Every structure is written in structure tokens, then in C-alpha cells.
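Undergrad: Next comes the sequence, and after it the predicted model I'd like to discuss.
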Amino acid sequence: MNAAPVLSDDSYTYHGDTEWRTDIDDAQRIAAEENKPLLIYFWTTWCTYCEDYNANAYTDPAVLEQLDEFVLLAVNLEDNSQQAGQLQQQYDANYPPQHVAVTPEGEVLVEINGYAETDAFQGYLNEALEEWETQ
């Protein structure tokens, strides 16, 4: 997860030290192929709590290690594409930040609405991974 970003690659967005996919179909396909849960991050450029995630959670080595267990998908809530709109509606994402851990088929494992301090965020990620393992 600590690879240097390729800024010209439009299929990724970069938050802190994490690399998030932005192509929904690609992320779902990879999650199924790698047998990993998907972590969907709904964000915007004007979201101050999203900046807090960038500065705190996404730079924390323990969080980065946990995030390696997921396929990461970032969806900008200002994206007007049909796919982004469908995901926003499916997971009731109407205000950032919101994270939803799901199976590759889209079944919700854990929802994190709003900002969670790093320790709480790690707890949610652990809960999602525990739910995933019982699938």
C-alpha cells in the first residue's frame, strides 16, 4: 500500500498513504478474484473529516496493514456517473465521509457513518474482517 502513486492513472485516487481504486467494476472483480472484502469510501474534496482521515487513519501503519486485507474503492459523492449514483443509493451515502465494508457481491459487513477516530476506525475494520471470515 505504500507504493508511490502514479498521478496520471485515472483509475486511482490517493488518500494519505493509501491507494484507492475508482473503477467500480474493476474493484468488484478484483475483490472476487482475490477473495477479499471491499471497502467503499464515499468522500468529497470539501469534506474536512475526509482530510482528518487522510492525516490520521490513512497514514497510521496499523491501519494500512488492516487496509491491505480489503480491496479499496473510493467514490466521490460529486461523481455524477450512473454507477456512482447506484452505489450511493444502494448504501444510502448522502454525506461524507462514509465507509461501507461489503462482500464482493455487495452484502454489507459493516457501515462507518461519519468520522471515526483512528482507534474506532480500526475496530470497525476488525469487525468487518471478522464478519468476512464467517461468510
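TA: Structure's in. What do you need?
Undergrad: In the protein, what residue spans correspond to strands?
TA: Assigned by DSSP state E, the strands in the chain fall at 12-15, 18-21, 38-43, 71-76, 98-102, 108-113.
Undergrad: how about a markdown table for those, with distance to residue 123 added?
TA: For every residue, glycine as well, the C-beta is placed using N, CA and C. Output for these, formatted as a markdown table (distance: least, CB to CB, whole Å):
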| stretch | distance to residue 123 |
| --- | --- |
| strand 12-15 | 20 |
| strand 18-21 | 18 |
| strand 38-43 | 14 |
| strand 71-76 | 18 |
| strand 98-102 | 12 |
| strand 108-113 | 10 |
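Undergrad: From residue 112, how far off is residue 37?
TA: 13 Å (CB to CB, to the nearest Å).
Undergrad: more neighbours, those two?
TA: A count of neighbours by other CB atoms under 10 Å puts residue 37 above the other of residue 37 and residue 112, at 23 against 20.
Undergrad: Identify the residues contacting the residue lying closest to the more buried one once chain neighbours are set aside.
TA: Spatially, and ignoring its direct neighbours in sequence, residue 37 is nearest to residue 132 (4.5 Å; CB to CB, 6 or more residues apart in numbering). Applying CB atoms under 8 Å, 6 or more residues apart in numbering, we find residue 132 in contact with 36-37, 101, 103, 109.
Undergrad: between the strands of the chain, which one is nearest to residue 30?
TA: strand 71-76 (5.1 Å; CB to CB).
Undergrad: Check which helices and strands that closest one sits against.
TA: Using 3 or more CB pairs under 8 Å, 6 or more residues apart in numbering; DSSP states H and E, the elements in contact with strand 71-76 are strand 12-15, strand 18-21, helix 24-34, strand 38-43, helix 82-90.
Undergrad: Highest mean neighbour count out of the strands of the chain?
TA: strand 38-43 (a mean of 25; mean count of other CB atoms under 10 Å).
Undergrad: could you give the angle of that one to strand 71-76?
TA: 20 degrees (axes from the mean of the first three to the mean of the last three CA atoms, to 10 degrees).
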